[in-house]
Each structure stands twice: as structure tokens, then as C-alpha cells.
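*Asks:* fold the stuff below for me.
(chains A and B)
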Number of protein chains: 2
Amino acid sequence: MSQQFAFNLFATDGAARVGEISTAHGTVRTPAFMPVGTQAAIKGVHPQTVRAGGADIILGNTYHLMLRPGAERIAALGGLHTFMNWPSPILTDSGGFQVMSLAQLRTLDESGATFRSHIDGALVALSPERAIEIQNLLGADIVMQLDECLRLPATREEIERAMRLSLRWAERCKRAFEGAAPGRALFGIVQGGDDAALRVESARALVGIGFPGYAIGGLAVGEPQAVMLKIVEETAPALPADKPRYLMGVGTPEDLIEAVARGIDMFDCVMPTRNGRHGLAFTRYGAINLRNARHAADPRPLDEQSPCEAARTYSRAYLHHLTRANEMLGQMLLSEINLAYYQELMAGMRAAIRARRFEQFRAVIRETWKYGDIPPLTA
Amino acid sequence: MSQQFAFNLFATDGAARVGEISTAHGTVRTPAFMPVGTQAAIKGVHPQTVRAGGADIILGNTYHLMLRPGAERIAALGGLHTFMNWPSPILTDSGGFQVMSLAQLRTLDESGATFRSHIDGALVALSPERAIEIQNLLGADIVMQLDECLRLPATREEIERAMRLSLRWAERCKRAFEGAAPGRALFGIVQGGDDAALRVESARALVGIGFPGYAIGGLAVGEPQAVMLKIVEETAPALPADKPRYLMGVGTPEDLIEAVARGIDMFDCVMPTRNGRHGLAFTRYGAINLRNARHAADPRPLDEQSPCEAARTYSRAYLHHLTRANEMLGQMLLSEINLAYYQELMAGMRAAIRARRFEQFRAVIRETWKYGDIPPLTA
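*Replies:* Numbering: from 1, shown residues only, chains lettered A, B, ... in the order given. Model (predicted):
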């Protein structure tokens, strides 16, 4: 396809922005939420249902796919879009985050990371160049640079070292990505932990290198929400207004609204599906824990005005039963319902920003959206 | 709904029959395969997908539903059809089979069975009258008498005792079912183990009591296929030609064809979904074990001429990957594909019987349908 990669801003309301990203596989309305398809599948939801729920783009995990079934295998089978029957845009991460969180016996130096696969213990090397090569083999529309992710808290020295290493890797990734087909783009990733000065330095250096989009990485890794939002608030203005901004691995509905209020355009998170698998529904009214006995005899659907048919159709009593009985259908329905709610929330934000009513929208959600019985599982 | 319960035979070819059962919730084309919705859900498949795959009727398990969420609860929520969003016909078993196979500390006497729930250890009583009451509360279109199921092999004395007890329970169930709404029917169940004379005696006694349909129970419980088919062959002629005949808990595609050849009209089995969850696909070519490494790079779909979109769309390599990676989507797709294959097989049998070509159809399936890498998990 010959569509060029582009980002068009349609409107702003305060720092909040509404726009559209064009890619080789179609357009992405922003602010956008990307369901996570870790192993070339959104857990428990057919790709057609993910799309019908309102998703324009999904995320694939380089770390998982390189280990199984392998990037060369997926390329031979026509690329990730064909492999998983998702003809719309795909963003792949670089693998850096999972190397930190999942891999064993990790060693890391200037050249990249080496680690043992969590699946079979095989020794694997991931350099910036290999991260790009893998994502090119997968055929992702949006490719992420390899970066070093730290868990927080970490010392300033550690944070600064990882941030500078990530910048050097950003340059190598940019060189490795040169010559990519039109309609595809490489994003740089801002690091710098919870240190605002380092974040701004990282952002400016990345802008100096020059990317068609920028991510803020290394957040939602254990720090309080207030810290995360403060870093977003200080980092976003250091990024160019005419490029998309992606906050990686975030978050709760509240996180999304607060980050959009600070100028973020893209998100990914496992929360809707992971929580759905554990019996937690996200709805316009807040989070509802369907394991709770108070739903056992409740004939009402989760939300009779939802655009999602499953949320309008099945009773809370039935979803309670499925959850208690550990039926796969319960996990499927709640994952579908939660993804649709997230997309409904994004659509609501987009409409509110266009109408210059984002503050009112934010206030309404703050007022009406309750965590209910239990806090959701985090990212 | 005012539709009367009825069975209409359209054509026969040898002992094989094609017809239609009318019930309060719609019609069932026979020979019919009933997907099993044990806990008010077909495992891993949306009800709309089950229906779109060709199922006219599904089976619900009285034993499971009485324990969780409870028959009175389901009745208060509008009955099983409403509860699980399946507006088409439902048959419920009586619970007898699961009392034998799942319950703990079972005791059994003339009055019925008492046992401890496998879920929470609660002491539960199931009499013939309670089995009917539960199925009435669920609102099943086809209700099964309570019977005593034995595992085979068993002594002739044991088999005869259980058969006679089941006959006495049949009379009690018939009395308990009197006055049921139109469009609903109670089936008697032939018992008698692997003893043809006892089977025929049981069948004749049930016909003497008089039911709108008859099941052959207590098979597919460990005996060889040849024994099962011999019992079917000797029992079916003892049942009235103008009533539907249901072979409970059967079976493989080959079992279904061979039983239809002997005059059976209805089947239920967990094989398509259970095997799908374990990576085994049923297709026109036979059973395909997608865990096998030979599928890892195979871009072909399972069957590009299947009426099931998933069977035409996803590559064997992708299904292999999902199965190896333990992704829920793999279990979902293979369950859907297998159910659709079973329905395609039933539709093929119905067309062949109408065309008086059942023997040719049976020969073609025998020739082309291979078990492939591994035998399927049994019922």
C-alpha cells in the first residue's frame, strides 16, 4: 500500500488533542487505545470482535513473537497482519520491557541485551538492529526503538545511565530502520524514570535525532499515579506538537483521561482483557466485580445503553455464574465488553475534545466512574 | 409458544432416517447433533456462533446446573434459554450420568440418589420427581427421565437391577411431568448395559409406559465401539419408528454415522469442544492434531471449502502457534471449527438420506476421514 505515514491534528482543547494517524494498513483515530495482542492474539477475543468494538490498531509484543513462533516464521507466513487475521494497523514494541520483566539471566551492555527465553531457556540476543529487523519482519506499521526499561524506584545514576543508553540505541534504531516501506514509522522512546529533568533531556535529544512519533516509556512500572502524571505533564510539552505521543503500558480509565488531558495521543494496556479474565467488568458506571455474590440474582445487563451487544444482552447474574464456574465464555464476554468500554471512552474523549468540552467530560467521568468492589489488576 | 411437540419423518434409507422435531422453541432437523452446554455455556463458543455453525438444539446438564447456579435461580431469571441467551431448543439430561461420574459419596436407593456436590461438598438429593422439577424450572424443551447409569463392564445382575430401577423411575418421571406446557416432551431412557436381551426388554417396557421420544443411555461408558453399535442395532428396532431416538453421549464422527445407519436421530457429545481445547481439529479430512510440529509453517487453512469462516481463514501455522502458546483464541477457534464440522457432517447425512444415498455417503466418509496423528479424547 502506498499510504504515507502521517499525523494530522484536527482539534485541541487545552493540552488534549484529537487527530488521526495514517499508516500503510489504515488510519488510527487519536486519542487511541491499542488492545494488546501479546502472542499474536488478543486473549479471548476474536479479531473481528476487537475491530467491531472500535479498535483501529493493536499492539504486538516483539519479545514474545521473536521467541514463539519467531519473526522469520511470521514473515514467511506473510507477516503479522496476515498471520493473525488483523488487516488494520499494528504497533509492535521493541521487546525491551519484556526483557526486563520476563527474561531470565539477563545481561545488558552497549551492544544490546542477551537473555534466556522464559519459554525454553534458549539464549537470545536482542540488539537495537535486531529489534528493528524483527519488527520489519513482522511488518508492523509502527515500530518502537529498543530501550532499556528500569523498574522504579531506581537511583538517579541508574536512571541516567539507562536513559543515555536508550538514546544511543535510538540513533542506531533510526539507522537500522532507514529505507523502510512507506506508511511505516519508527518511534523514539523517552526514558528518565521519575526524574523530570532527565525526562526533558531525553525528549529533547530524541527530537534532535528526529522521529515521526514519540513514546514515553518506563512508566506504569510501580510508581504512584501522581508521579506518572507529573512526568507526563513535564515531558509532553518537550515533544513536538505535530507528532503523535504514546504513553506506553497505561492504564486505568482514569489514567487515560488524565494523560489525554496532558497531551497524550496513544495508549496500550492489558488491563481490559486481564481484568476481564478475572471477572472484573469496566463499564460507564465504573468497575464491577462480577465474582461478588450481590450479582448472583441480578437480571440487569451490565449497561443496557452500551454500543457493545454483549454488555446489553447478558445479565449480571449470568456473567456472575460464568465467572464463578470458571467458564471460558465468561472470560471471553468480559474481555470483549471491557475492550468495547475502553474504545467507547476513547471515542467519548475524541468527541469531547472536538467540541471543546473535554473538561466537562473529564469531570463527568470523575464523578460517575467508581472502582466498585475491588481495584483492578494493574498493567 | 403454542407449538406442539412433534416428530415428523421425511425419508428413510435403510434404517437411517431424516426428519424434524418440533418444540416450543423451534424445530430440530434430524439426525441432529447437540453441542453440550454443561454449565449453561458451550465452552469457548458464543451462542450465536454455535447457532451459526448449524446447531438447532443444545444440551444442558441438570447435575451441574442444579448445583450452580441452581434451578430455582435460573427459573427466577427467566429460564435457561433466557439465562444463557439461547432462544432455540434445549434438551436437558436428568443428572443421572453425572451423579455416577462426578458426585462423591453417592448412595442410591429406590427413592433416588443422594450425593455430595463436587463443588462444595453439600449433600444433595435427586429423586425422579426432583429431576423433573429441576428440568421444568430450567424450561427445557426435551426433558430426560432420571435413570441409573452403570460403568461397563458390570455384572448382569447389576445391569438388570439398574435397568429395572430405571424403568420404575421412568413411570414416576412420567407422572411428575404430567401437565407440562405444550411443545415440551419427556423422553424415556433404555438401559441394560451390554446385554441385548435386557436392552430389548427395557425398550419394550418403556414403550409400554409410552413416551414421545426414547434415548439409549448407558453407552459410551468404556465399552468397545463394536459393543456399542451392536446394542444400538438390537435396541433401535424395539423402539417405535414414529418417535425420535437419541443415543446419549456419542461420539466420534464415525460413531455418529454408524449409529445413524442403525436408526438413531439425535446425539450429544463433548468431543468437538473438548478436543478443540486440546488442539485437535475435526475436518472433512479427518482429525488433525495442531500441536504437531509439521503444521508449524503450513500456510493452508484447515479446509478452504468449509462453511465455517474460521476453518477457511486461519492458517494451520497460526492455529499451531495458538495451541502451542496456550492462547485462549486457539481453543475458541478450534471449538467453533469442530462444532461446525459436526454440523456439516449431520447436514451431509440428512441430505444423503433424503437422496437415498446414505450408503455412498458412509463409504466416502469411511474412505476419507482419518484419525491423523492421535486418536481424539473420548466422551
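*Asks:* go ahead and confirm A:Ser315 touches B:Ile74.
*Replies:* No. A:Ser315 lies out of contact with B:Ile74 (C-beta atoms under 8 Å); the separation is 10.8 Å. No exception for glycine: its C-beta is placed from N, CA and C like everyone else's.
*Asks:* of those two, which one has the most company?
*Replies:* Neighbour count, other C-beta atoms under 10 Å in any protein chain shown: between A:Ser315 and B:Ile74, B:Ile74 has more, with 26 against 21.
*Asks:* if I look at that one, how far off is A:Pro299?
*Replies:* Counting by C-beta to C-beta, to the nearest Å, the gap from B:Ile74 to A:Pro299 is 11 Å.
*Asks:* try A:Gly222
*Replies:* From A:Gly222 to A:Pro299 the distance is 41 Å (C-beta to C-beta).
*Asks:* now do A:Gly330
*Replies:* 17 Å.
*Asks:* looking at these two, which is more packed in?
*Replies:* Neighbour count, other C-beta under 10 Å: between A:Gly330 and A:Pro299, A:Gly330 has more, with 25 against 13.
*Asks:* how about the more buried one: what's its closest non-neighbour residue?
*Replies:* A:Leu322 (2.9 Å; C-beta to C-beta, 6 or more residues apart in numbering or on different chains).
*Asks:* contacts for the strand or helix carrying that neighbour, please.
*Replies:* Element membership for A:Leu322, per DSSP states H and E: helix A:316-324. Helix A:316-324 is contacted by residues A:279, A:281, A:288, A:290-293, A:295-302, A:327, A:329-330, A:333-334, B:39-41, B:68-69, B:73, B:77, B:83-85 when judged by C-beta atoms under 8 Å, 6 or more residues apart in numbering or on different chains.
*Asks:* please save the CA atoms from it in CSV.
*Replies:* This file holds the C-alpha atoms of helix A:316-324, laid out as CSV (Å, rounded to 0.1, in the frame of the first residue of the first chain):
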residue,chain,number,x,y,z
ARG,A,316,-25.1,-9.7,35.6
ALA,A,317,-26.4,-12.9,37.1
TYR,A,318,-25.2,-14.9,34.1
LEU,A,319,-21.8,-13.3,34.0
HIS,A,320,-21.5,-13.9,37.7
HIS,A,321,-22.3,-17.6,37.2
LEU,A,322,-19.8,-17.9,34.3
THR,A,323,-17.1,-16.2,36.4
ARG,A,324,-17.8,-18.4,39.4
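*Asks:* give me the common contacts of A:Ser315 and B:Ile74.
*Replies:* B:Phe83.
*Asks:* so which residues of the stretch 151-300 of chain A form strands?
*Replies:* A:185-190, A:214-216, A:245-247, A:266-268, A:280-283, A:286-289 (DSSP state E, counting those that start in this stretch).
*Asks:* mind listing the strands the second one pairs with, and their directions?
*Replies:* Within its sheet, strand A:214-216 is paired with strand A:185-190 (parallel), strand A:245-247 (parallel), according to DSSP bridges.
*Asks:* can you add mean pLDDT and give those back as TSV?
*Replies:* Output for those, formatted as TSV (pLDDT from 0 to 100):
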stretch	mean pLDDT
strand A:185-190	98
strand A:245-247	98
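*Asks:* want to throw those strands into a markdown table with mean neighbour count?
*Replies:* Formatted as a markdown table, those follow (neighbours: other C-beta atoms under 10 Å in any protein chain shown):
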| stretch | mean neighbour count |
| --- | --- |
| strand A:185-190 | 28 |
| strand A:245-247 | 28 |
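*Asks:* let's have these in a markdown table, adding distance to A:Val28.
*Replies:* Formatted as a markdown table, those follow (distance: least, C-beta to C-beta, whole Å):
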| stretch | distance to A:Val28 |
| --- | --- |
| strand A:185-190 | 11 |
| strand A:245-247 | 11 |
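*Asks:* and the helix ranked longest in chain A, what's its mean pLDDT?
*Replies:* Looking across chain A with DSSP state H, the single longest helix is helix A:328-354. For helix A:328-354, mean pLDDT rounds to 98.
*Asks:* with adjacent residues omitted, what lies nearest to the residue of chain A positioned farthest from its centre?
*Replies:* Checked against the mean C-alpha position of chain A, the extreme residue using C-alpha atoms, centre = their mean is A:Ala297, at a distance of 35.8 Å. In space, and not counting its chain neighbours, A:Ala297 is closest to A:Ala317: 5.6 Å by C-beta to C-beta, 6+ apart.
*Asks:* what do you get for A:Ile90?
*Replies:* That would be A:Ala140: by C-beta to C-beta, 6+ apart, it lies 5.1 Å from A:Ile90.
*Asks:* any idea how many residues pack against the one you found?
*Replies:* Applying other C-beta under 10 Å, we find 28 residues neighbouring A:Ala140.
*Asks:* and A:His278, how many neighbours?
*Replies:* By other C-beta under 10 Å, neighbour count at A:His278 equals 16.
*Asks:* any idea how far it is from chain B?
*Replies:* Distance, A:His278 to chain B, using C-beta to the nearest C-beta, to the nearest Å: 13 Å.
*Asks:* wait, A:Pro89 touches A:Val28, no?
*Replies:* Yes. Using C-beta under 8 Å, A:Pro89 is in contact with A:Val28, at 5.5 Å.
*Asks:* residues in contact with the residue of the stretch 51-200 of chain A found nearest chain B?
*Replies:* Checking the stretch 51-200 of chain A residue by residue against chain B with C-beta to the nearest C-beta singles out A:Pro69 as nearest, at 4.6 Å. The contact partners of A:Pro69, by C-beta under 8 Å, 6+ apart, come to A:Ala40, B:Ala296, B:Ala317, B:His320, B:His321, B:Arg324.
*Asks:* which residues touch the second one?
*Replies:* It refers to B:Ala296. If you count contacts by C-beta under 8 Å, 6+ apart, B:Ala296 has them with A:Pro69, A:Arg73, B:Ala317, B:His320, B:His321.
*Asks:* right, I'll leave it there.
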